[in-house]
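Trainee: just a sequence and a predicted model for now, questions to come.
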Amino acid sequence: MTNSPVRLEAVRKTYGRGDSAVTALDGVTFGFPAGSFTAVMGPSGSGKSTLLHCAAGLDQPDSGTVTLAGTPLTGLGETELTVLRRDRVAFVFQSFNLMPALTVWENVTLPTILAGRAPDDAWVARVLDRVGLTDRTKHRPGELSGGQQQRVAVARALAVRPAVTFADEPTGALDTQTALEVLALLRELAEAGQTVVMVTHDPVAASHADSALFLVDGRIVSEVDRPRADAVAAELAGLTGRAR
Amino acid sequence: MTRLALASLRFRAAASVATFVAVLVGCALLIACGGLMESAIRLGAVPQRLAGAPVVVAGSEGFKLPDEESETVAYPERAGVDPSVLPKVAATSGVAKAVPDITFAATIAGDEPGTDVLFGHNWASAALTPFTVREGAEPRPGQVSLDEASADRRGAEVGAPIDLVVGGRAETFTVAGILHGERAIDAPALFFAEDDARRLSPRSDKVDAIGVVPADGVDVDDLAERLGAQLSPGASVLTGDDRGAAEYTGIGASRLPLILLAAVFGGMVLVVMALVVSATISLSVRQRQQELALLRASGATPAQAHRMVVAETMAVALLGAVCGLPAGALAGGQIFDASTAQGVFPTQLVFHQGLVPFAGGFLLALGIPWLTAHFAARAAARARPIQALSEAAIPTANLGPVRRTLGKAFAAATVALAVATMFLDPETASAVGGPAVLTGSIAAGLFGPELVHVLAGMAVPVLRRFSGGAIAVINIRARARQFAAVLTPLTLATAIALGNIYAQTTQSEAATAARADELSADVVVSSGDRVVSPDLATRLRGVPGVTAVSSLVVSKGWVEEPYDGNGSDPSTLLGVDAQTADPVLNTPVAEGSLRDLGGASVALPRSEAEDLGAGLGAKVTLRLGDGARVEVAVVALLDGSSNYPSVVVPAALLAPHTSTGLASEILVRGTGDLASGVRQVAGPGTTVGDGGVLAAEFATGVDVQAWISYLLAVLAIAYAAIAAVNTLGVAVLSRRRELALQRLAGATRRQVTRMLFVEGTVLGVLALALGTVISLFTVLPIAIATGSVLPSGPIWVFVVVVDAAFLIVWPVTAITGRLAMKRKPVDELSIGGGQ
């Protein structure tokens, strides 16, 4: 656990104030092992998205510390956080993944260009080939299907070779077949040595991960290794009953 | 970042149209202002009649202000050259010929009123054009030679008699010859024998100019420099297009109004451009929160997001500024031509628009958007990457601390300008009071979102009664930032239009009323060329019923010792006949008596006399309109209530120091039916009217100044209106998704359209209300400064502005609303979050 690119220690996060306050994370401590593919699951409002936001440095916890790729995030400014994320982290979201004005190629190389480095063209070409978009490099996101857009997002995560990839419901808007392709790609990221953290509510998606982490009311309640879809579904059904 | 910015621009060109248009028009207008400024500095006028003289020696350049290092103000009246200068010029090495020029107005009896005033000259000066004899001979005493055009038009023949009126006196001459000019000349010319010319000229002791022809091989500039060193400061030495100032009247006096026009208008353009660009940026940033957040999530630092928005704006601004260059070449000439056609400037004045106006306009048109973009794009830097993961939250109407501080600063500046204006001279008030409209509009723009939130809230009770009203108000309050971007240009247009025009009308009416109140006459005798015969006053005294007759001379000048500090804005000098000053002058006398107003004397307004420390009996030195200095004794102190007090001197003292050398009107007081009796005595060529003539004549002069204000207002309104159309259009189009959602939720197209109309109407009313309030910060202080307290002016201006606001809002809402709902709601939503 010490060799963990993403560590949360006693992380608490509350939204709102007074009577309407909602505790999204209630003292979460967890380390995602290097090279692992972890699914974070839980019913709506369990805090799984907040966990991802805090772990990725997109949101600041009220208390506790998050260590990302060896750097404690506490006290970092917006620019320092951005630079850290740019070099060490990639994101795959449910939608709104890509800059609409940029082509596929430009979207994939965007983080590298923002970092002021020249993109490794040969590598980018290989990555795009791997996700099956070699003939789409000059297209804009609007001209692609949902599945293709999501594959561009994965290609971007591959191209940057970050320490961690965070995925927020990456298959949420996709049909079953396309979803399976995207999950296989995420699996490959982990096998290439990246740490993948995926928030999902889909037991089938979770079954592609090394382990599944279950959250209820902002607390980690269980962890399942080598999760199978039916087992995850059963676990979730039980948790949903327990929630609230 | 530049590549990213360009890619982003190509993708959403429509949203940048407002910036493009604002910078294009702004650049063009700034170049035009630069051209007006350059024309004012050069004051070039191509000489016609004096074109044959490469160097022209003319009167002094102007009054060198005692309290300024280098500022010189052109004399309001024609200043001649002392004849003693002529031998000095002739004796200067390199001068082949030095020819005196005498110029005076003359009319041919029998010409219809309104025909061109002719100018009489001495025969020697015919060589300066040159004119050659086509028919007949050179004029001898009692004879006159005409240029071809004048002769042909009137069918004049050599040897025939011709009746001329010069200085209000008719005289018969014989046509000696018909002259052919080397070049075309706008002003018809008559040539007299030297002695006749000297006798007829109102400045018999002076010549108007000296034309110098250099000897062969002498460099014109070298010669001019030598002459200048020898004659300065009593006379000015002119070459090239500067010579026009000696030939035409009003060239030197054009400088100040031209510079003012250029500066005031330039300032207005800068503010409009800044407000439009910042409104466009905040609209586009607001529209793209999600995309900017995604960019941030992709690894762009806040500074990079900021740079991207600035780079986008600058790319558009660059394009706009480049397109503005040719437009500027057109606009400058157009504005100048329109102004000269209205008589604001002499037609002979040459419009100069060199490299400097183009470079300056171009750089300003880029610099202002750059500054504005830096400020407005801070919202882009605030985009948080987490927003990329969720539906964009609608930003609150709350302002950031920097924006709030800036807003307060501009609001404070507006109040300070307004307060300062109240205590100023009415004639300088508008220069200080005018900018209050601009600072007020900037403050309103900065506080925009909060103002929209609060004011729209106040409209709720009224709007509840209309269908769609309640939801419109909810929309406006929730999207306060977006609506503030639309509100700003509309408010600005309203404020500029109302502020400028009503400030002008208020000032014009106060000035006209003040002048008309100052004098009273039952009958006024005037003439087309604004001179009346010197002996007419005496002859009118015999008319039955007449109790008092006075000549009236109006000029401008300064009290030089002790200096009154009026600088570029000299006092009005009124010349009236000493013995009859009392009946025609309405201003109450506080001390002394107007009966003593004779010889070298003056009646000063009491407040001015106190400022100067010059009591009754003190000696002060006046600098008259033609540059002459006269020492006068203070014989009376006037206690006028007017805010435009005149300095009163004897007409006989003032008249010789005006361009015409004569009184312009005769004022008659008396009882019974005076007019017919006066008309009989006054004879042909004169106009006899009642006291209203004075106010009417003065109002014509004021109207020319007012015309500049109207021109500025119209241009500024058009500019702000273009901006308003753009921002309004973009704002409606950017809500496609929201409108589609409403329609899916069961709203009919008609209901959505009605909601948009109510929103637009609320915005229009808010803009009009805010604009009116802002304009009051200019208009009210100017009204107070002029002493009229309440603003005056035609109500139709307000009605037109109100109509114009809704003529912008409603059609644009209708067209863009239609466009925004063109696609089926389901199709609109399936396009995704990108737009």
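Mentor: Structure received.
Trainee: burial of A:Leu144, as a residue count?
Mentor: By other Cβ atoms under 10 Å in any protein chain shown, 17 other residues sit near A:Leu144. Quick note: C-beta positions are derived from backbone N, CA and C, even for glycine.
Trainee: OK, contacts around the nearest residue to it once chain neighbours are set aside?
Mentor: Taking Cβ to Cβ, 6 or more residues apart in numbering or on different chains as the measure, A:Leu144 lies nearest to A:Arg136, with 6.5 Å between them; neighbours along the chain are not counted. Counting by Cβ atoms under 8 Å, 6 or more residues apart in numbering or on different chains, A:Arg136 makes contact with A:Val104, A:Leu128, A:Leu144, A:Gln148.
Trainee: neighbour-wise, which of these leads?
Mentor: Top of the contacts of A:Arg136 by neighbour number is A:Val104, holding 26 neighbours under the definition other Cβ under 10 Å.
Trainee: surely that one touches A:Leu133?
Mentor: Yes: counting by Cβ atoms under 8 Å, A:Val104 does reach A:Leu133; the two are 6.0 Å apart.
Trainee: between these two, which contacts overlap?
Mentor: In terms of Cβ under 8 Å, 6+ apart, A:Val104 and A:Leu133 are both contacted by the residues A:Val152.
Trainee: ok but A:Asp4 is inside a helix, no?
Mentor: Check again: residue A:4 is Ser, not Asp. No: inclusion of A:Ser4 in a helix is not indicated when DSSP: H, G, I helix; E, B strand; the rest coil is applied; the result is coil.
Trainee: please enumerate the strands of the stretch 151-300 of chain B.
Mentor: Counting by DSSP state E, counting those that start in this stretch, residue ranges of the strands within the stretch 151-300 of chain B are B:161-166, B:169-181, B:189-192, B:209-214, B:235-239.
Trainee: I'd like those laid out as a markdown table, including mean pLDDT, mean neighbour count and distance to B:Arg541.
Mentor: Compiled in a markdown table, those are given as follows (pLDDT from 0 to 100; neighbours: other Cβ atoms under 10 Å in any protein chain shown; distance: least, Cβ to Cβ, whole Å):
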| stretch | mean pLDDT | mean neighbour count | distance to B:Arg541 |
| --- | --- | --- | --- |
| strand B:161-166 | 86 | 18 | 22 |
| strand B:169-181 | 89 | 19 | 18 |
| strand B:189-192 | 91 | 26 | 32 |
| strand B:209-214 | 91 | 25 | 38 |
| strand B:235-239 | 87 | 23 | 41 |
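Trainee: out of those strands, which comes closest to chain A?
Mentor: With respect to chain A, and counting by Cβ to the nearest Cβ, the nearest of those is strand B:235-239 at 59.3 Å.
Trainee: chain center to that closest one: distance?
Mentor: 28 Å (Cα atoms, centre = their mean, to the nearest Å).
Trainee: interface residues of chain A facing chain B?
Mentor: Among all residues of chain A, those adjacent to chain B (criterion: Cβ under 8 Å from any Cβ of the partner chain) are A:49, A:53, A:58-59, A:78-79, A:82-83, A:85-86, A:91, A:93, A:95-102, A:106, A:110-111, A:113-115, A:140-142, A:156, A:168.
Trainee: of those residues, just the buried ones, PyMOL syntax please.
Mentor: Typed into PyMOL, the next command selects the buried ones out of the residues of chain A next to chain B (criterion: 16 or more other Cβ atoms under 10 Å in any protein chain shown):
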select buried, chain A and resi 49+53+58+59+78+82+83+85+86+91+93+95+96+97+98+99+100+101+102+106+110+111+113+114+115+140+141+156+168
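Trainee: what's around the closest residue to B:Gln387 other than its chain neighbours, how many residues?
Mentor: Spatial nearest neighbour of B:Gln387, excluding adjacent residues (Cβ to Cβ, 6+ apart): B:Ala293 at 3.7 Å. Around B:Ala293 sit 23 other residues, with neighbours defined as other Cβ under 10 Å.
Trainee: remind me which residues of the stretch 651-800 of chain B are low pLDDT?
Mentor: Low-confidence regions of the stretch 651-800 of chain B, defined by pLDDT under 70, span residues B:684-685, B:701-702, B:705.
Trainee: from chain A, which residue is nearest to chain B?
Mentor: Across chain A, the shortest distance to chain B (Cβ to the nearest Cβ) belongs to A:Arg86, at 3.1 Å.
Trainee: note down every partner strand of the lengthiest strand in chain B and its orientation.
Mentor: Looking only at chain B and at elements set by DSSP state E, the strand with the highest residue count is strand B:546-561. Paired strands of strand B:546-561, with direction, are strand B:571-576 (antiparallel), strand B:619-623 (antiparallel), strand B:665-670 (antiparallel) (DSSP bridges).
Trainee: I'd like the mean pLDDT over the first one, please.
Mentor: When pLDDT is averaged over strand B:571-576, the result is 88.
Trainee: with only the CA atoms kept, save the following helix or strand past that strand in CSV.
Mentor: Sequence order places helix B:581-584 as the next helix or strand after strand B:571-576, per DSSP states H and E. Taking C-alpha atoms only, helix B:581-584 is exported to CSV below (Å, rounded to 0.1, in the frame of the first residue of the first chain):
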residue,chain,number,x,y,z
ALA,B,581,-26.3,102.0,-24.6
ASP,B,582,-28.7,102.3,-21.8
PRO,B,583,-32.0,101.8,-23.7
VAL,B,584,-30.7,98.8,-25.7
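Trainee: from A:Ile113, how far off is the residue in chain B positioned nearest to chain A?
Mentor: When distances are taken as Cβ to the nearest Cβ, chain B reaches nearest to chain A at B:Gly299, 3.1 Å away. Spatial separation of B:Gly299 from A:Ile113 under the definition Cβ to Cβ, to the nearest Å is 9 Å.
Trainee: cool, A:Leu8 as well?
Mentor: To A:Ile113, A:Leu8 is 31 Å away according to Cβ to Cβ.
Trainee: wait, does stretch B:368-379 make contact with chain A?
Mentor: No: between stretch B:368-379 and chain A, judged by Cβ under 8 Å from any Cβ, nothing touches; the nearest distance is 12.9 Å.
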